[in-house]
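Engineer: Structure of the sequence below:
(2 chains)
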2 protein chains.
Amino acid sequence: MKKVLVFLTDGFADWEASYVTAELNKSRTGYEVQTVAIDKKPKVSMGGLRVLPDYSMEDVLPDFNMLIMPGGTTWRDEKNQKIQKIVKECFDQNISVAAICDATTFLGMHGFLDHHKHTGNSLPYLKEGAPDYCGDIHYITTPSVRDKGLVTANGTAALEFSKNILLELNVCDEKDIQDWYEHFKKGSVSC
Amino acid sequence: MKKVLVFLTDGFADWEASYVTAELNKSRTGYEVQTVAIDKKPKVSMGGLRVLPDYSMEDVLPDFNMLIMPGGTTWRDEKNQKIQKIVKECFDQNISVAAICDATTFLGMHGFLDHHKHTGNSLPYLKEGAPDYCGDIHYITTPSVRDKGLVTANGTAALEFSKNILLELNVCDEKDIQDWYEHFKKGSVSC
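Structural biologist: Predicted coordinates for the structure are as follows:
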């Protein structure tokens, strides 16, 4: 099985990677989802889930095909700035990166967005009045952007983010991915 | 703080309660979200998150105002049928219950839907061709229903489910809840 790693931080936004991890982790995709964090202690989501990371950044990580970075409330905390190390390794090794909401801001603050089209402006970040759960970044209007191995999205675009990740990882043909997206976007009479 | 409990099962559907738990767990709502499961062992979501339950069903539970039951892949497993005990206690004590996707089916199979309007038909359940992540229930067309302390929804209606829960718990006025819903439903240029 190929692997996708999700980076867990305290205060990670529950919904932002929720659709895509559930879809990717199905056996038919050929991918398995695991989690990594700065250490092995449980990370508590915004919604109160205490999640045990599979790996710490100090571990020897398995080969993986993408790093997914959900947004959340602590991407600006001093202790989390060291996460740039694993991101740099992904960029250096051409491993895809998918970041949403404040994780996109984090990428911008550390210069990772400079040569990519992306959803969040890299600088300036500060804009008064944005909702607290996403920090105070000003986003451009496209809900999610995929460019050269990088997927970004704003925090209300979990489904568009998911679609771009499924396309990036080429899990099935584009029509099936579009159907999957529309099934959830429009709702369905059957579940 | 008033409490809302989320019932965790192995294979629980990551996205289905993700929006509402993150919103409810903000300090301004007056609610705190915690988790309960049949035992204290980590429960692994569809998307691969290993979540540590705060309580086992064997524990003395704190007072709580609602039980949220995300759908998932194991609601028909023999070992999970004992979950009806906590559901019965909620119904007996007029504690609100919110169930989505296959958790709604579970309620129907144990007779809890008989005197409520709800999204999922209680019987018959079997319908060929429904997606595997939600079981094979046939749903009526309303994405989410709120009736007499019970909220139900189909698995593509996480936002409608969330809106009904926020209304049921009366976390703020209806207009603000509608604005919150539309913010996520329509997407937003700022996150």
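
Engineer: so where's the longest helix in chain A?
Structural biologist: Criterion DSSP state H: the longest helix present in chain A is helix A:174-186.

Engineer: and for it, what are the contacting residues?
Structural biologist: Contacts to helix A:174-186, defined as C-beta atoms under 8 Å, 6 or more residues apart in numbering or on different chains, come from residues A:19, A:23, A:159-160, A:162-163, A:166-167, A:171, B:156. Any C-beta I mention is one placed from the backbone N, CA and C, and that applies to glycine too.

Engineer: from the chain's centre, how far out does it sit?
Structural biologist: Chain-centre distance of helix A:174-186: 19 Å, with C-alpha atoms, centre = their mean, to the nearest Å.

Engineer: just to revisit the earlier point, which of the contacts of helix A:174-186 sits closest to residue A:45?
Structural biologist: Distance to residue A:45, by C-beta to C-beta, is smallest for residue A:19 among these, at 15.1 Å.

Engineer: Tell me which residues of the helix or strand where the closest one lies come out buried.
Structural biologist: Applying DSSP states H and E as the criterion places residue A:19 in helix A:18-24. Residues of helix A:18-24 classed as buried by neighbour count (16 or more other C-beta atoms under 10 Å in any protein chain shown): A:18-24.

Engineer: Which neighbouring elements make contact with it?
Structural biologist: strand A:2-7, strand A:31-37, helix A:158-168 (3 or more C-beta pairs under 8 Å, 6 or more residues apart in numbering or on different chains; DSSP states H and E).

Engineer: State the distance from residue A:81 to chain B.
Structural biologist: Separation of residue A:81 from chain B (C-beta to the nearest C-beta, to the nearest Å): 20 Å.

Engineer: And residue A:142, by the same measure?
Structural biologist: For residue A:142, the distance to chain B - C-beta to the nearest C-beta - is 9 Å.

Engineer: what about that residue, is that helix, strand or coil?
Structural biologist: Secondary structure for residue A:142, judged by DSSP: H, G, I helix; E, B strand; the rest coil, is coil.

Engineer: per-residue pLDDT, it?
Structural biologist: pLDDT for residue A:142: 80.

Engineer: Repeat that for residue A:94.
Structural biologist: As predicted, residue A:94 sits at a pLDDT of 97.

Engineer: How many neighbouring residues does it have?
Structural biologist: When neighbours are defined as other C-beta atoms under 10 Å in any protein chain shown, residue A:94 has 8 of them.

Engineer: ok, and the closest non-adjacent residue to it?
Structural biologist: residue A:149 (6.3 Å; C-beta to C-beta, 6 or more residues apart in numbering or on different chains).

Engineer: Pretty sure the one you found sits against residue A:98.
Structural biologist: No. Applying C-beta atoms under 8 Å as the test, residue A:149 and residue A:98 come out as separate, 9.4 Å apart.

Engineer: out of the two, which sits in the busier spot?
Structural biologist: Between residue A:149 and residue A:98, residue A:98 has the larger neighbour count (other C-beta under 10 Å), namely 28 against 15.

Engineer: Report whether that one is found in a strand, as I expect.
Structural biologist: Yes. The assignment for residue A:98 (three-state DSSP) places it in a strand.

Engineer: unless I'm mixing things up, it is touching residue A:160, no?
Structural biologist: No. Between residue A:98 and residue A:160 there is no contact under C-beta under 8 Å: 11.5 Å.

Engineer: Share the number of residues neighbouring residue A:113, please.
Structural biologist: 23.

Engineer: Repeat that for residue A:2.
Structural biologist: 15.

Engineer: hey, what's it bridged with?
Structural biologist: On the basis of DSSP bridges, residue A:2 is bridged to residue A:31.
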